[in-house]
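In: How does the following fold in three dimensions:
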Amino acid sequence: MMGFWKNYGFTLALLAGVIAGAVCGLVWGEGTAVVRPVGEVFLDAVFVLIVPLVAFSMASASCKVCRSGIAWKLLGATLGTFLLLSAVACALAFVLFMIWNPFSSVHPETFLADMQTGGNGGGVLSLKAAIAASLLPVIAVSTVAGVIVALFGEKGRKAADFLESAMNLTVRAMRFVMYAAPVGIGCYFAWTVGSLGNGILGGYADALVAYLIAALVVFFPLNSGWVLLSGEKGMLGRYWRGMVPPSLTAVATSSSAVCIPLCLEAATGMGVRPLIADSVIPLGTNIHKDGSAIGGVVKVVFLLTVFGASAPSWGSFFLVVGVGILVGTVMGAVPTGGMTGELLICSVFGYAPEMAAVLMVISTLIDIPATLLNVSGNVVAAVLANRIK
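Out: You can find the predicted model right below:
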């Protein structure tokens, strides 16, 4: 019995917090704003540790990779894996919407008011703006620093040991903070559900339903297929057992950055080598977002069907998939990337910039399942990259 609670106690507590938050949000609606500060304090504590965690893990991992002699092979394989996963996810989403287009009966008048108001999703996204602005430069500088330390050979041994020790200390500090996750995440999720409840009931429900269908197909069968391609015995079972805590955290916080420590722990628990996990997952958090890429496809199909002269056709397959992949990269690589992604879609397909406000509301509604796909996709990428010897 003690072994059961040791292995699953945190997961069950986190699940209980998420369920309690969802129930409170549905029952009290916007009244759950009273517990929002509790959730924000928890997330702020996580954000304080995210930057040093990413910095030390990337520096230490890049140092180890350079010393192991697989640096360029790992980088090429990682970027190729990111591109492949996003391309297949976007292509699958496009095929689903060609078979069934949920926007064919939607009237554009439903959405015109949001072109003036700018939607209602700013509060949910604001917590992530600061961390999004800093993570990519931190990853770049940390990676270069790790490479420089490795190039010094034995003279850089003490610096390499420092990076390793600092990473271990930061991981321990993060684990300590995560003890408060069931309460902190539960409170934040209660406010999220309470504030978005009315929006989901509006005319955007079709976009949410369409995205959820695509997300279910990608999250379960497609991710399982990728894991099976890793060729490691028992990996599929280890993957789904390990993905429970990161998945619950992604659903509750809508933040890929918050999930980094849980993803690192899950990947290594699956048997992924630490230097692979420490390299792939932080980098993927910024430039590989399958959920955001699929969201780009949903927005393009929505825009062309509701406001365009005609619905998307097979002839636009490569354009729509390409824009989806680009949006998935922009969402992580550019600060306030969500709005940049919406403006990119409007620009490519010739719509007025004001239309981005309509797409931003869709971004807000799909933020939770999109984060779930972003997080799971990065762990899948680490599992596949682990094949590199």
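In: which is the next helix or strand following the longest helix seen in the chain?
Out: Criterion DSSP state H: the longest helix present in the chain is helix 36-68. For helix 36-68, the succeeding helix or strand toward the C-terminus, using DSSP states H and E, is helix 71-99.
In: what angle do that next one and helix 36-68 make?
Out: 130 degrees (axes from the mean of the first three to the mean of the last three C-alpha atoms, to 10 degrees).
In: Give me the buried stretch members for helix 71-99, please.
Out: Of the residues in helix 71-99, 71, 74, 77-78, 81-82, 85-94, 96-98 count as buried by neighbour count, 16 or more other C-beta atoms under 10 Å. Backbone N, C-alpha and C define where each C-beta goes, glycine included.
In: ok, now stretch 206-223?
Out: Quick answer for stretch 206-223 (16+ other C-beta under 10 Å): 206-208, 210-211, 213-215, 217-219, 222-223.
In: before we move on, what about stretch 179-186?
Out: Of all the residues in stretch 179-186, those buried under the rule 16+ other C-beta under 10 Å are 181-186.
In: Residue 24: which of those residues is nearest?
Out: Nearest to residue 24 among the buried residues of stretch 179-186, counting by C-beta to C-beta, is residue 186 at 8.1 Å.
In: I'd guessed the closest one sits against residue 17; true?
Out: Yes - Residue 186 lies in contact with residue 17 (C-beta atoms under 8 Å); the separation is 3.2 Å.
In: what bits of the stretch 1-150 of the chain have low per-residue confidence?
Out: Scanning the stretch 1-150 of the chain for pLDDT under 70 picks out 1-4, 6-8, 68-71, 105-136.
In: all helices of the stretch 101-250 of the chain, in order?
Out: Here the stretch 101-250 of the chain has its helices, by DSSP state H, counting those that start in this stretch, at 112-117, 122-126, 129-151, 157-178, 181-200, 205-217, 223-229, 235-242, 244-253.
In: where among those is the average confidence lowest?
Out: Set side by side, the helices of the stretch 101-250 of the chain give their lowest mean pLDDT on helix 122-126, at a mean of 42.
In: Would you mind pulling up the elements that the longest helix of the chain packs against?
Out: Counting contacts by 3 or more C-beta pairs under 8 Å, 6 or more residues apart in numbering; DSSP states H and E, helix 36-68 is packed against helix 71-99, helix 129-151, helix 157-178, helix 181-200, helix 260-270, helix 274-287.
In: Between helix 157-178 and the shortest one, find me the angle.
Out: In this case it means helix 260-270. Between the axes of helix 260-270 and helix 157-178, defined by the same axes, to 10 degrees, the angle is 110 degrees.
In: Residue 346 contacts residue 355, correct?
Out: Yes - Residue 346 is within contact range of residue 355, at 5.1 Å (criterion: C-beta under 8 Å).
In: list the residues that contact both of those two?
Out: Taking C-beta atoms under 8 Å, 6 or more residues apart in numbering as the criterion, residue 346 and residue 355 both touch residue 303.
In: that older thread, buried set for the longest helix of the chain?
Out: Within helix 36-68, the residues scored as buried using 16+ other C-beta under 10 Å are 36, 38-40, 42-43, 45-47, 49-67.
In: got the angle between it and helix 244-253?
Out: Using the same axes, to 10 degrees, helix 36-68 lies at 130 degrees relative to helix 244-253.
In: For residue 256, grab phi and psi.
Out: Backbone geometry at residue 256, expressed as degrees, to the nearest 10, gives phi -70, psi -30.
In: That one - how many residues pack around it?
Out: By other C-beta atoms under 10 Å, the residues close to residue 256 number 33.
In: Enumerate every residue touching it.
Out: 250, 285, 289, 332, 371, 374-375, 378.
In: Tell me the most packed of those, by neighbour count.
Out: When neighbours are counted by other C-beta under 10 Å, residue 289 leads those with 33 neighbours.
In: What's the separation between it and residue 101?
Out: 24 Å (C-beta to C-beta, to the nearest Å).
In: Excluding covalently adjacent residues, which one is nearest to residue 138?
Out: residue 55 (5.2 Å; C-beta to C-beta, 6 or more residues apart in numbering).
In: Report the separation between that neighbour and residue 242.
Out: 24 Å.
In: Equivalent analysis for residue 297, please.
Out: 28 Å.
In: The two - which one has more neighbours?
Out: Under the neighbour definition other C-beta under 10 Å, residue 297 and residue 242 were set side by side, and residue 297 has more, 28 against 22.
In: pretty sure that one is touching residue 317, no?
Out: No - the criterion here is C-beta under 8 Å, and residue 297 misses it with residue 317 at 10.4 Å.
In: Quickly list what's touching both of the two.
Out: Common contacts of residue 297 and residue 317 (C-beta under 8 Å, 6+ apart): residue 94.
In: Now do the same for residue 272: helix, strand or coil?
Out: coil (DSSP: H, G, I helix; E, B strand; the rest coil).
In: For residue 29, which of the helices and strands packed on helix 36-68 is the nearest?
Out: helix 181-200 (4.8 Å).
In: what angle separates the closest one from helix 260-270?
Out: Using the same axes, to 10 degrees: helix 181-200 against helix 260-270 is 110 degrees.
In: Show me how far helix 181-200 is from its chain's centre.
Out: For helix 181-200, the separation from the chain centroid amounts to 18 Å (computed by C-alpha atoms, centre = their mean, to the nearest Å).
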